[in-house]
Structure formats: structure tokens, C-alpha cells
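A.B. asks: Pasting a predicted model and its sequence here:
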Amino acid sequence: MIRSPLINLPVQPYERVSSRTVTNIYLAIESLELFKSVSLRITYMDTSNSYIDSEIITLTGSEYLAWGNDDTYLYNYISQVKGFTITLPDVTPPTPTVVVDSDSAVDNGTVANSGSSADSGTTTDSGTTTDSGTTTDSGTTTDSGSSADIGSSADSGTTVE
């Protein structure tokens, strides 16, 4: 490939004006002198993230000391000095939603019996009540035997005799 040499020609000064919209900026620390100053490079970009311009701004004295460890101070300072508004996205995490499924079992360490029975047998953690007595419909549960709960069980009301 043959390249033509770069030709530099002097021209009469003329003003060439173009307008481009800045939609975001990049900030970079150019230099930092601890406890004294910071110089930041502001790079201006357009809607297609193409370079428009850049400049350096320096904070010293009380402006530098006000920075502390909160970078939002820098964002607000630059936007005030340069006359634009920085629109930071909302970084507040959403509040988690707890969903309770009414069909799921909750293990609270108790035996729940939705039927009625006179039980003189033993209740184990298998989820089944072994009944050597009789089932009555009185609506009362009478336990004349012993119950060994090695965890928790949920009885759906099924009685095995």
C-alpha cells in the first residue's frame, strides 16, 4: 500500500463551529497530592459514546478537604462548576419480598392432629400415629400413652390401627 505524505498547509484563521450533545462523562484522577489537592480529568462523551473533549479540574484547600471519602461530593462539585446535572442511577437495593406458601409445612416442633382420636399408643416422628385404641368423634384428643417426638411431625389426621 502506498501512502501519500502528510501535507501541512497554512490557512487564514477561520472559525469552525460544531455542536454535539454531551450525554456522559468519564472521570479519572490525573494526580493526587495527599491532604493537599486532586486533579481530575473530565472526558466528555456524546450519545454514541464518542469523544467530544476533555479537560482537567483541580480541587485544593477546603474544596479538596470537603471531598473526604464520599465521591458523590466530587460529582456534585463538578456538575456545579461546569453547569450540568449528573444523573446517577438509583442504587438503593429493592426490599426483598417474603412469600409464604400456605401449602408448605412449617416445622415448629409440635405434633398437629387435624382428626380426633383417643390414643393410647406411641407417636413417632414418621408422621403417622399408631393407634391401639379407638377413634371417637367427640372432638377431643385423649392421650393415655407416651409420645416420643424425635423432631417434628405433621399428622394429616390419618390414623392407622
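C.D. replies: That came through fine.

A.B. asks: Can you tell me how far Leu59 is from Lys36?
C.D. replies: Leu59 sits 10 Å away from Lys36 when distances are taken as C-beta to C-beta, to the nearest Å. Just so you know, the C-beta spots here come from the backbone N, C-alpha and C atoms, and that holds for glycine as well.

A.B. asks: Quick check: mean pLDDT of the longest helix seen in the chain?
C.D. replies: Counting residues, the longest helix found in the chain (DSSP state H) is helix 71-82. In this model, helix 71-82 carries a mean pLDDT of 92.

A.B. asks: which residues touch that helix?
C.D. replies: Residues outside helix 71-82 that contact it (C-beta atoms under 8 Å, 6 or more residues apart in numbering): Ile25, Leu27, Leu40, Ile42, Ile57, Leu59, Glu63, Ala66, Trp67, Thr85, Ile86, Leu88.

A.B. asks: Tell me who's in contact with the last one.
C.D. replies: Going back to what we said before, that points to Leu88. Thr72, Tyr75.
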